[in-house]
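Colleague: build me a structure from this.
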Amino acid sequence: MDFTCPLPITEYDAVTLGHGGGGKLTNRLIEQLLVPGLSNDYLDELHDGAVLPAFEGPVAFSTDSYVVHPPFFPGGDIGLLAVHGTTNDLAMCGARPRWLSLGFILEEGFLLKDLHRVVASIRGACAELGVQVVTGDTKVVERGKGDGIYVNTSGVGQVLPGVRLAPKRVQAGDVVILSGAIAEHGMAILSVRDDLGFEGDLKSDTAGLWPVVEKVLQVGGGGVHCLRDATRGGVASVVNEVAQAAGVGMMLDGAAIPVRPPVRAACEFLGLDPLYVANEGRFVAFVEPSRVGAVLTALKSHPLGEGATVVGEVVAEHPGVVRLRSGFGGSRVVDMVSGEQLPRIC
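Modeller: Numbers count the residues shown, from 1 in each chain. Purely as a prediction, here's the structure:
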């Protein structure tokens, strides 16, 4: 899936304002770096947009922007996040990701070899998930007016027949399942951003979730009521959002929530609660009791879900409120994060 780096484009090794001017440098950037790196029948048309075939059934659509700092981090980079983040949002709608648009905002001076590296990551992630970048855009801002590179992706997906996932479908008695250990992404970003030098293997969990989500939907059927990926705000924000939308309460089991020891140690050092730290490859499933066994088996059969576990239940009491049960028999309220706990993590 690698492709030959065409750099330098003419005599340049970094982005200049001319690369965003719509003239020869823009065309060379597109035709020598972007299109070869992401080539497919739609993109190769070099048209103002993509004319796509229709398919039967509902269509899911999502968009997201990525401003992570730094753009390269343990376990991934901004290119992987751009593909994974948007395709994961489609997966949470029960949709097979099909097509993406891709927008770059580049700062003058950003190295073209680093742009090539980002494009290569995007290409690899798309190939793994079977999606295509079918249209895009590039803009350049003056030096000091950006942070190297920002990325926007929008995605179109095909909802599986008979699937209807929504927070309002969650009801008392449902079981809360977490797909794996949490807080990996946020702590990996912090470890390189502030040169904290944490011991242990800290790397982002960024991943495209559709393959494991498809397994869950195949065995869970209508018993899977809602899926949410726990990105900004972490698991705490996800369960609060669902509790409020469905008008139900949540009771989480603190002892059941998986956190790897190096991640827990880093969180304790910084005074952070792992429940609020961002993830990019974990999701929460709200499932009726009769389908829990099948869903857990499906999750554990895939590398992205082998750490899946039941972490709580949906209750009729305290609607709109999430509580966490401790190992000592007590419980506390788990509210949504106030303010921005970890800026620029995606």
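Colleague: all the strands of this protein, residue numbers only.
Modeller: Taking DSSP state E as the criterion, the chain carries its strands at 59-66, 72-73, 76-77, 95-107, 132-141, 149-159, 175-178, 224-229, 249-253, 283-287, 309-315, 322-325, 331-333.
Colleague: now do residue 62: how many residues are near it, please.
Modeller: Close neighbours of residue 62, defined as other Cβ atoms under 10 Å, add up to 21. Bear in mind the C-beta positions are built from the backbone N, C-alpha and C, glycine included.
Colleague: can you tell which of the strands of the chain is closest to residue 30?
Modeller: With distances scored as Cβ to Cβ, the stretch of those nearest to residue 30 is strand 132-141 (6.9 Å).
Colleague: a markdown table for the strands of the chain, including mean pLDDT?
Modeller: Below are those laid out as a markdown table (pLDDT from 0 to 100):
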| stretch | mean pLDDT |
| --- | --- |
| strand 59-66 | 97 |
| strand 72-73 | 95 |
| strand 76-77 | 97 |
| strand 95-107 | 98 |
| strand 132-141 | 96 |
| strand 149-159 | 98 |
| strand 175-178 | 98 |
| strand 224-229 | 98 |
| strand 249-253 | 97 |
| strand 283-287 | 98 |
| strand 309-315 | 98 |
| strand 322-325 | 96 |
| strand 331-333 | 92 |
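Colleague: tabulate the ones you listed in JSON lines, adding columns for distance to residue 242.
Modeller: Shown next, in JSON lines, are the strands of the chain (distance: least, Cβ to Cβ, whole Å):
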{"stretch": "strand 59-66", "distance to residue 242": "18"}
{"stretch": "strand 72-73", "distance to residue 242": "29"}
{"stretch": "strand 76-77", "distance to residue 242": "27"}
{"stretch": "strand 95-107", "distance to residue 242": "19"}
{"stretch": "strand 132-141", "distance to residue 242": "31"}
{"stretch": "strand 149-159", "distance to residue 242": "19"}
{"stretch": "strand 175-178", "distance to residue 242": "9"}
{"stretch": "strand 224-229", "distance to residue 242": "6"}
{"stretch": "strand 249-253", "distance to residue 242": "8"}
{"stretch": "strand 283-287", "distance to residue 242": "7"}
{"stretch": "strand 309-315", "distance to residue 242": "9"}
{"stretch": "strand 322-325", "distance to residue 242": "9"}
{"stretch": "strand 331-333", "distance to residue 242": "16"}
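Colleague: so which of those is the most packed in?
Modeller: strand 283-287 (a mean of 26; mean count of other Cβ atoms under 10 Å).
Colleague: the strands of the chain: which one's closest to residue 200?
Modeller: Closest to residue 200 of those, according to Cβ to Cβ: strand 72-73, at 15.5 Å.
Colleague: contacts for the closest one next, please.
Modeller: Contact with strand 72-73 is made by 78, 114, 117, 188-189, 192, 203-204, as judged by Cβ atoms under 8 Å, 6 or more residues apart in numbering.
Colleague: how about a cut-off of 7 Å?
Modeller: With contacts defined as Cβ atoms under 7 Å, 6 or more residues apart in numbering, strand 72-73 is touched by 188-189, 192, 204.
Colleague: what's the answer for stretch 317-329, then?
Modeller: By Cβ under 7 Å, 6+ apart, the list of residues contacting stretch 317-329 reads 239-240, 243-244, 247-255, 331-334.
Colleague: measure that stretch end to end?
Modeller: Start-to-end span of stretch 317-329 (Cα to Cα, to the nearest Å) is 18 Å.
Colleague: contact partners for the residue lying closest to residue 63 once chain neighbours are set aside?
Modeller: Among residues not flanking residue 63 along the chain, residue 154 sits closest, at 4.0 Å (Cβ to Cβ, 6 or more residues apart in numbering). By Cβ under 7 Å, 6+ apart, the residues touching residue 154 are 62-63, 86, 100-101.
Colleague: check contacts around residue 90.
Modeller: Applying Cβ under 7 Å, 6+ apart, the residues contacting residue 90 are 60, 62, 97, 155, 157.
Colleague: could you measure from the last one over to residue 20?
Modeller: Spelled out, it's residue 157. According to Cβ to Cβ, to the nearest Å, residue 157 and residue 20 sit 30 Å apart.
Colleague: same question, residue 209
Modeller: Residue 209 sits 33 Å away from residue 20, taking Cβ to Cβ as the criterion.
Colleague: do the same with residue 99
Modeller: As for residue 99, its distance to residue 20 is 25 Å (criterion: Cβ to Cβ).
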